[in-house]
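> any chance you could fold what I've pasted below:
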Amino acid sequence: MWWMTGLVCNAVVATAYLLISLSIIRPLVSSGQLRSNPLGAATAAIFLTCAVHHGGHSVHMLLPYAGIEVHQGIAMREAFDWQMAFWDVVTAGVGVYYWTLRRTYSSLMRGAKLFEDLKQREQQALELNDEVLQGIVVAKLALDLDDRDKARESLETAIGAASRIITDLIGPEAGQSRAGLLRSTAALSDPPTTSPTQPRPETRA
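Sure, this is the predicted structure:
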């Protein structure tokens, strides 16, 4: 009776996927991003169609009890074997596991943050480029004019702007776990490990 396992698991999958779809659509609608955020809308549509598909399996296997589409329902029951039932169990488990994770990562799921508008990301990147680049240019000009105070002030302003914009990009919640993060590549320049007054080692031809 593998079809009974498939019926229950498909019902669980349909419920989980439908709730996931609604959890994505609701913040998109409330924030007015349903049309401007095609990635979020498409993701919600994927989960919605999967919910309908899996729910249809359960409904078709139940219809013979009501005397409706008896032949189709029985044929679907007979088509179920242990392999199909196994993957339905796995799929249902993944759907349930997803909802357990939403409690842990609720801050990331709040609103439409999971599918934030790409235009906002581009705007933040432009602001980062403009403010930091302008600060560095002003600092360089000040150094050329031997105005160290102005150069230091410009660099501090640029660093502050970069820190603020990056915090907006990754979110304030990420600051708590940022200590355990490592760079994927080494920094472009590292502080000198020797004093600048130490003589350089001689090289031989």
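> for the helix or strand in which residue 21 is found, which residues meet the burial criterion?
Taking DSSP states H and E as the criterion, residue 21 maps to helix 2-30. By 16 or more other Cβ atoms under 10 Å, the buried positions in helix 2-30 come out as 2-3, 5-7, 9-21, 23-25, 27-28. C-beta: built from backbone N, CA, C; applies to glycine.
> elements contacting that helix?
Secondary-structure packing of helix 2-30 (3 or more Cβ pairs under 8 Å, 6 or more residues apart in numbering; DSSP states H and E): helix 38-62, helix 70-79, helix 82-104.
> nearest to residue 139, of those helices?
Residue 139 lies closest to helix 38-62 among the helices and strands packed on helix 2-30, at 38.3 Å (Cβ to Cβ).
> just checking, what packs against that closest one?
Applying 3+ Cβ pairs under 8 Å, 6+ apart, one finds that helix 38-62 contacts helix 2-30, helix 70-79.
> okay, the angle between the longest one and helix 82-104?
Regarding helix 2-30 and helix 82-104, their directions subtend 30 degrees when assessed with axes from the mean of the first three to the mean of the last three Cα atoms, to 10 degrees.
> ok, back up a step: reformat the helices and strands packed on helix 38-62 as a markdown table; add distance to residue 146.
Listed next are these as a markdown table, based on distance: least, Cβ to Cβ, whole Å:
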| stretch | distance to residue 146 |
| --- | --- |
| helix 2-30 | 54 |
| helix 70-79 | 84 |
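> and of these, who's closest to residue 97?
If we rank the helices and strands packed on helix 38-62 by Cβ to Cβ, the stretch that ends up nearest is helix 2-30, at 9.4 Å.
> many thanks, have a good one.
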